[in-house]
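# Sharing a sequence plus its predicted fold:
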Amino acid sequence: MHELIQTIINGLTTGLLYALIALGYSMVYGVLKLLNFAHGDLYMVGAYIGYFVIQWFGGPTSLSIPVPLLVLIMFVLAAGGAGLLGVLIERFAYRPLRDAPRIAPLITALGVSFILENSVLLLFGGLTKSYSTPSFIKFSTGIHIGDVNIDAVQITILVGSLLMMYGLIVLVNRTTLGKSMRAVASDREAAEMLGINVDRTIAYTFFIGSALAGVAGVMSGLAFNEISNTIGFLAGLKAFTAAVVGGIGSIPGAMIGGLFIGMCESFASSYISSQYTDLIVFGILIATMLIRPTGIFGRPALQKV
């Protein structure tokens, strides 16, 4: 029983990280019908920002500020940095192609992904960097019940992710910006005629989605320690899988899809083999596209006539 509970906790932790990244995919697809394949690299950028924040404050073994304040600063700077980068990408890479054939922004997104990966490689090198989390967040600071362990980093991920998701739901459903986002997602031309600033709404959408990915990058660095310029590629693909399974364009779908993929990974690692986790995840993607292309919460697109 303790192994089952531990597997569920690990799956929730990983799944919430995927959900945070998947939310960005779904939000951008909702307003632009664009698959932003550079989104995973914003997660990678957030992880690097978190790493350098640790170094700026003395390194993992000799921090000059309390750990809770350090983690808060990491989250804020990663969210802000990744968010601003997302806005710049939208402004200079996607906005000029907004009315172009769909294949153009899709190819551009792949190009932006390669640019981000190789820019980080040129600036910081290709060697793996380590957060060395155990040096400043001890494993013993978590919750330990028998053989079940929930360390402090997992608690941070669980609580932080759920709070951000709740905040996003409130923003989308109860604020003027959220209403504008839903209007643009429903019909961009009609929203513009009603006086909604479409460009600003899309920029805010990119900022929020990218900020969530940046925070997820920091959480991943804290949880798994090692980061490199390539970590965004696989994480982005799995988050995209989560968004498709949940229903691309659906915020609840992204959350449920992320948790589902995380749980599948965790159970596969515990009861089958970690070598088969990627096979299982992308097998789920193929099965979803064959059986229910719209995903769990997705709806068939309405055709204008």
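Alright, I've got the coordinates.
# What segments of the stretch 101-250 of the chain are strands?
For the stretch 101-250 of the chain, the strands defined by DSSP state E, counting those that start in this stretch occupy 129-130, 143-145, 148-150, 226-227.
# Mean pLDDT lowest where, among those strands?
When the strands of the stretch 101-250 of the chain are compared by mean pLDDT, strand 143-145 comes last with a mean of 84.
# list the buried ones in that one?
For strand 143-145, the neighbour count (16 or more other Cβ atoms under 10 Å) marks no residue as buried. The C-beta positions use only the backbone N, C-alpha and C, and glycine is treated the same way.
# Which secondary structure elements does that strand sit against?
strand 148-150 (3 or more Cβ pairs under 8 Å, 6 or more residues apart in numbering; DSSP states H and E).
# Return the set of buried residues in the strand it packs on.
N149, I150.
# what's it in contact with?
Residues from elsewhere that reach strand 148-150 (Cβ atoms under 8 Å, 6 or more residues apart in numbering): H2, I5, Q6, I9, F139, G142, I143, H144, L158.
# What pairs with it, parallel or antiparallel?
strand 143-145 (antiparallel) (DSSP bridges).
# neighbouring contacts of the strand it pairs with?
Applying Cβ under 8 Å, 6+ apart, the contact partners of strand 143-145 are N149, I150, I155.
# gap between the last one and L222?
Using Cβ to Cβ, to the nearest Å, one obtains 11 Å as the distance from I155 to L222.
# So which of these two has more stuff around it?
Neighbour comparison, I155 and L222: the larger count goes to L222, with 22 against 15 (by other Cβ atoms under 10 Å).
# Against S26, how distant is that one?
Noted for L222: a distance of 25 Å to S26, by Cβ to Cβ.
# Please apply the same query to I150.
28 Å.
# closest one to S180 among the strands of the stretch 101-250 of the chain?
Set against S180 and scored by Cβ to Cβ, the strands of the stretch 101-250 of the chain come closest in strand 226-227, at 35.0 Å.
# and the nearest residue to F240 once chain neighbours are set aside, what pLDDT?
Nearest non-adjacent residue to F240, counting by Cβ to Cβ, 6 or more residues apart in numbering: Y25, 5.7 Å away. As predicted, Y25 sits at a pLDDT of 92.
# again, but for the one 4 residues further on
At Y29, the model reports a pLDDT of 92.
# contacting residues for it?
By Cβ under 8 Å, 6+ apart, the contact list for Y29 reads L35, N36, A243, I248, G249.
# Out of the residues you listed, name the ones that lie in helices.
By the criterion of DSSP state H, membership of these in helices covers A243.
# Now distance to S186 and pLDDT too, for the contacts of Y29, in TSV please.
As requested, the contacts of Y29 are exported to TSV (distance: Cβ to Cβ, whole Å; pLDDT from 0 to 100):
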residue	distance to S186	pLDDT
L35	19	88
N36	19	92
A243	19	94
I248	15	87
G249	11	85
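# how many neighbours does Y166 have?
With other Cβ under 10 Å as criterion, Y166 counts 10.
# What separation do you get for it and F57?
Separation of Y166 from F57 (Cβ to Cβ): 29 Å.
# biggest helix in this structure, by residue count?
helix 2-32.
# what's the neighbour count on T241?
Applying other Cβ under 10 Å, we find 25 residues neighbouring T241.
# pretty sure it contacts C264?
No. T241 sits out of contact with C264 when judged by Cβ atoms under 8 Å, with a separation of 9.8 Å.
# where do the contact lists of these two overlap?
V281, I284.
# all helices for the stretch 101-250 of the chain, in order.
Ranges of helices within the stretch 101-250 of the chain are 103-124, 152-174, 176-186, 188-193, 198-224, 231-246, based on DSSP state H, counting those that start in this stretch.
# Specify the stretch among those helices that is closest to A47.
Closest approach to A47 among the helices of the stretch 101-250 of the chain is made by helix 198-224 (3.5 Å; Cβ to Cβ).
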